[in-house]
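Trainee: turn this into a model:
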Amino acid sequence: MKNTFIIALFGFFLIPVSMSQDQYSVSGTILDEAGQTLPGATIFLPELEMGAVSDDHGNFMISGLPDGKFIFNISYVGFETHIRTIFIGGKDHSFTIHMIPTQITGKEIVISGGRHSSQHKNAVKIEVLKVREINQAGHGTLVENLTAMPGVDMINGGGGVVTPVIRGLSTSNILMLNNGIRLENYQFSQDHPYLVDESGLDQVEIIKGPASLLYGSDAIGGVINLVQDYSIEPNTVSGEAHMKYFSNSQGYSGNIGIHGNQNRISWSLHGGARTFKDYTDGNKEKIPNTRSHGGTFKSFIGLRLNHSLHRLRYEYQKYKPGMTNEQSINLIHDDKRISPLWFQDLDNHLLASTNSWFLNPFKVQFNASYQKNLRKLYTDEIDHPAVDMDLTTLSYETRGNLVTSEVSEFTFAIQGLHQANRNRDGEIRVLPDYAFNDLAFFGLVQHDFTNNIHLQVGLRFDNRFLDVPTQEKASHSHEDPIPGEEPEILEGFYRYYGNISGSLGATCELADGVLLRGNLASAYRAPSIAELTQDGEHGIRYEQGNLDLRSQRNYEFDFSFHYHKDHIMMDLAGYYNQINDYIYLSHTTDTTNEGMIIYRYTQNNATLYGFESVLEVLPFPSLSFKMGYNYARGIHSGNENLPFIPQNKLHTELTYMFHHVFSKGQMSLKLGSDYAFRQNHPSEFETHTSSYFIMHTGVGINLPLAGHTFSFNILVRNIFNTAYQDHLSVLNELDYYNMGRNVAVSLSIPFHIYQKPFND
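Mentor: Predicted coordinates:
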């Protein structure tokens, strides 16, 4: 019955809907500052997934456009991205665009703020990392590549077990999204990595600070949204291949994608794999069981009608990371890629349907997704998993957008989610069987004033209904059960959590390239099932849940200043986050019968505050300097430090660009550094962490050939093989160090299978 419902749900919303409204076209010419034509410029409407490429004379035309307000994104290598909003209706449009050359980081179109908009126009601060930057960063995982952004860090469990941190908050306090769909894979613990990679992506968008207004509970600290690349050139079948090698762990990763866009139908297929051995630290010591391997498959098919857009996606991720702990380091002594013992076996299936109708002045969306996450943990026996759970999540959203004028928009939405966890054959029940239902309503108003002030205000009401039946008590001890001992029973319970979230923000463009942004937000998070029911050994601690936990409530004020001119970009952002009833693990005076200290989930009011700054300077056309710094501090009302607060860090990078390499190519030379200040404010079960300084250098070549740009990069991280420990590495407890010198080599090869001139 449940499967029939899901199939019917996806099928119904893919039914073509015909409209009788007129359609229009947009044409134009793309030029540089001197008036010279720019052939090969990309013109794209992300909301409609339509676009064109300028011809040899810089001209383009896009036809078949419905009535409405839409954003155009015009991009060309070496030039600042041009973003233009057009109100289509009643007539065809034509315009001429003069592109401005720049090497400075420019603005991008984002979707994570509730609508398609320029990131500088959004009242919520959203950072963007393009996939080309990710492919050149030289890290083995997607999460590691995000840490170059000030305010973003990671909890490192070794190898592929990494968890993102935003402004000192992590796990259940932040959300990872896949094209707006919240990923669900037991993210309550830093031992549980997200099943994500960069294949098929266009960019990663990061909201720093409360985003519960748009995404609900668990977005109290921020959101990371992985945005897929749908900008497929019309009337083509093309693809790309990416390959990487990492010397330190003898790691390999690669993916290949093929996509097409013909006759209103677009589609894409991506497949990839990765494999790593144990890494070596700066002391030339192998860190046992930090190996990992896995694979991914991603696909979508889209149908564009006259006034609607429909897309169906299926993705599958398989990942097997090793677990480095006191038990495994005594058992793992080989130098292989696959762990014989102590590893996680993770699977994630995602089926998603997204549908948009453009009925000027309305835009209507219906989105639905189904996820199935399987988690197995093998400890000292390979024949039978110690932990075996599956998590199913069904989510849905209906959203309406009303454009009342050229300056005002209203958004209304209903969101829902059903989630159920089931224990299967594992001897250990990390979490109990449970189910919950979320139902939320929110409204968002956005208005542009004539004096370049953009106002955004919204309100949300969330409801969560949690049901846990009577069953054997959840635990996380990796010891064999005592024969004949009766299991402890968890009495069933039912909880309701409901609350209101709100946001009020504004941006003010004081002058061209000078922007002020302020946002006041209040969000809430319901306690996770682990925080309520955990009762067992977890790593080196005994962790105990608390059924009396209340929902967290926070109030955060963000303020940022942005300055952007031809040869300089400066961004400064500060925040103050007051969290009432903050949930965390607290050291107690109680012990188990075996003498282990019990850490119990408790609550206290907490405060997090800090700032991030970025400076990018282009003193000469071929030379650029970039510097980023973040400061974070977290304490609770007992005047104790919060756990997992990152060290303050300073990142610098100097880049020199050589033009006309191999006739039309470009070559860049980079020299950078990372300095982490000493962490003098550890929490009660952390220790002080010393400062460290590491350097990196690299060379990259971009070579245009046959209408494509081939990329080759070599990046050497930790040049001097420095032995250091980062404060957020959980391996510090085992006296292990972070990765030593690592040479990362990457190659990107685009290709065309079929192409003809654009004529939609």
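Trainee: now do the contacts for residue 424.
Mentor: 388-390 (C-beta atoms under 8 Å, 6 or more residues apart in numbering). The way it works is simple: take the backbone N, C-alpha and C, and place the C-beta from them, glycine included.
Trainee: just residue 678 next, same as before
Mentor: Applying C-beta under 8 Å, 6+ apart, we find residue 678 in contact with 647, 688-691.
Trainee: which single one of the contacts of residue 424 is nearest to residue 228?
Mentor: residue 390 (25.4 Å; C-beta to C-beta).
Trainee: measure how buried that closest one is and give me the count.
Mentor: 15 (other C-beta atoms under 10 Å).
Trainee: got it, and residue 660?
Mentor: By other C-beta under 10 Å, neighbour count at residue 660 equals 9.
Trainee: can you give me the helices in the protein?
Mentor: Along the chain, counting by DSSP state H, helices occupy 2-12, 131-135, 142-146, 212-215, 529-533.
Trainee: for the second one, the distance to its chain's centre please.
Mentor: When distances are taken as C-alpha atoms, centre = their mean, to the nearest Å, helix 131-135 is centred 13 Å away from the chain's centroid.
Trainee: so what's residue 193 up against?
Mentor: 141, 143, 157, 160-163, 319, 321, 346.
Trainee: mind running it again at 6 Å?
Mentor: 160-162 (C-beta atoms under 6 Å, 6 or more residues apart in numbering).
Trainee: also residue 644?
Mentor: Counting by C-beta under 6 Å, 6+ apart, residue 644 has contacts 155, 170, 728.
Trainee: just the closest of these to residue 505, please.
Mentor: Out of the contacts of residue 644, the member with the shortest distance to residue 505 (by C-beta to C-beta) is residue 170, at 24.0 Å.
Trainee: residues near that closest one, how many?
Mentor: Other residues close to residue 170 by other C-beta under 10 Å number 22.
Trainee: and stretch 339-351, which residues are buried?
Mentor: 339, 341-348, 350-351 (16 or more other C-beta atoms under 10 Å).
Trainee: and for it, what's in contact with it?
Mentor: Taking C-beta under 6 Å, 6+ apart as the rule, stretch 339-351 contacts 185, 195, 289, 314-323, 328, 331, 370-380.
Trainee: hmm, back to that, any chance of the contacts of residue 193 in TSV, plus pLDDT, distance to residue 252 and neighbour count?
Mentor: Conversion of these to TSV gives the following (pLDDT from 0 to 100; distance: C-beta to C-beta, whole Å; neighbours: other C-beta atoms under 10 Å):
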residue	pLDDT	distance to residue 252	neighbour count
160	82	13	24
161	90	19	24
162	91	18	25
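Trainee: thinking again about what came up before, which of the contacts of stretch 339-351 fall in strands?
Mentor: 314-321, 370-378 (DSSP state E).
Trainee: related to what we said a few turns ago, buried subset of the contacts of stretch 339-351 as a ChimeraX selection?
Mentor: Buried members of the contacts of stretch 339-351, defined by 16+ other C-beta under 10 Å, are picked up in ChimeraX with:
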select :185,195,289,315,316,317,318,319,320,321,322,323,328,370,371,372,373,374,375,376,377,378,379
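Trainee: give me the below-cutoff pLDDT ranges for this structure.
Mentor: Residue ranges of the chain with pLDDT under 70: 1-22, 90, 102-106, 112-115, 451, 474-485, 538-541, 706-707, 756-760.
Trainee: got the domain boundaries for it?
Mentor: 2-101, 126-482+493-755 (automatic domain parsing).
Trainee: gap between stretch 664-677 and the chain center?
Mentor: 24 Å.
Trainee: what's that stretch in contact with?
Mentor: 647-659, 661, 691-704.
Trainee: do the same with stretch 159-176
Mentor: 141, 143, 151-156, 182-183, 187-188, 190, 193-194, 208, 215, 218-224, 290, 292, 321, 528, 608, 632, 634, 644-645.
Trainee: buried residues in it?
Mentor: Those would be 159-176, for stretch 159-176 by 16+ other C-beta under 10 Å.
Trainee: please name the nearest non-neighbouring residue to residue 495.
Mentor: Spatially, and ignoring its direct neighbours in sequence, residue 495 is nearest to residue 466 (4.4 Å; C-beta to C-beta, 6 or more residues apart in numbering).
Trainee: that neighbour reaches residue 436, doesn't it?
Mentor: Yes - with contact defined as C-beta atoms under 6 Å, residue 466 reaches residue 436; the gap is 4.3 Å.
Trainee: of the contacts of stretch 159-176, just the buried ones, ChimeraX syntax please.
Mentor: In ChimeraX, this line selects whichever of the contacts of stretch 159-176 come out buried by 16+ other C-beta under 10 Å:
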select :141,143,151,152,153,154,155,156,182,183,187,188,190,193,194,208,215,218,219,220,221,222,223,224,290,292,321,528,608,632,634,644,645
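Trainee: now intersect the contacts of stretch 159-176 with the strands, please.
Mentor: Under the assignment DSSP E, those contribute 152-156, 182, 208, 222-224, 292, 321, 608, 632, 634 to strands.
Trainee: may I ask which two of these are separated the most?
Mentor: Farthest pair in the ones in strands among the contacts of stretch 159-176 (C-beta to C-beta) is 292 and 608. Separation: 31.2 Å.
Trainee: how much space separates residue 226 from residue 164?
Mentor: From residue 226 across to residue 164, the span is 12 Å (C-beta to C-beta, to the nearest Å).
Trainee: quick one, which of the domains of the chain is packed in tightest?
Mentor: Sort the domains of the chain by mean neighbour count, taking mean count of other C-beta atoms under 10 Å, and domain 126-482+493-755 sits at the top with a mean of 19.
Trainee: what pairs with residue 82 across the strands?
Mentor: Beta-bridge partners recorded for residue 82 (DSSP bridges): residue 74.
Trainee: now it: how far from residue 98?
Mentor: 9 Å.
Trainee: how close does the residue nearest the centre of the chain get to residue 178?
Mentor: Among the residues of the chain, residue 224 comes closest to the average C-alpha position under C-alpha atoms, centre = their mean, at 3.1 Å. With distances taken as C-beta to C-beta, residue 224 is found 10 Å from residue 178.
Trainee: out of the contacts of residue 678, flag the one nearest to residue 363.
Mentor: residue 647 (44.1 Å).
Trainee: let me know the closest of the ones in strands among the contacts of stretch 159-176 to residue 299.
Mentor: Among the ones in strands among the contacts of stretch 159-176, residue 182 lies closest to residue 299 (C-beta to C-beta), at 20.4 Å.
Trainee: excluding chain neighbours, what is closest to that closest one?
Mentor: Once flanking residues are discounted, residue 182 sits nearest to residue 175: 5.4 Å by C-beta to C-beta, 6+ apart.
Trainee: and what of residue 469?
Mentor: residue 492 (4.6 Å).
Trainee: dihedrals phi and psi, that neighbour?
Mentor: Residue 492 has phi and psi values of phi -60, psi 150 when expressed as degrees, to the nearest 10.
Trainee: since we're on it, how many residues are nearby?
Mentor: 13.
Trainee: still on that earlier bit, distance to residue 470 added to the contacts of residue 644, as CSV?
Mentor: Output for those, formatted as CSV (distance: C-beta to C-beta, whole Å):
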residue, distance to residue 470
155, 34
170, 32
728, 38
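Trainee: now the nearest residue to residue 226 once chain neighbours are set aside: how far from residue 393?
Mentor: Sequence neighbours aside, residue 178 is the residue nearest to residue 226 in space, at 5.3 Å (criterion: C-beta to C-beta, 6+ apart). Using C-beta to C-beta, one gets 12 Å for the distance from residue 178 to residue 393.
Trainee: partners of the residue nearest to residue 226 in the sheet?
Mentor: residue 181, residue 226.
Trainee: go on, residue 60?
Mentor: Residue 60 has these beta-bridge partners by DSSP bridges: residue 28.
Trainee: residues contacting it?
Mentor: Contacts of residue 60 by C-beta under 6 Å, 6+ apart are 43, 52, 54.
Trainee: now, the residues you listed that are in strands?
Mentor: 43, 52.
Trainee: which one of the contacts of residue 60 sits closest to residue 232?
Mentor: Set against residue 232, the nearest of the contacts of residue 60 by C-beta to C-beta is residue 52 (11.6 Å).
Trainee: how close does the closest one sit to residue 378?
Mentor: Residue 52 is 52 Å from residue 378, by C-beta to C-beta.
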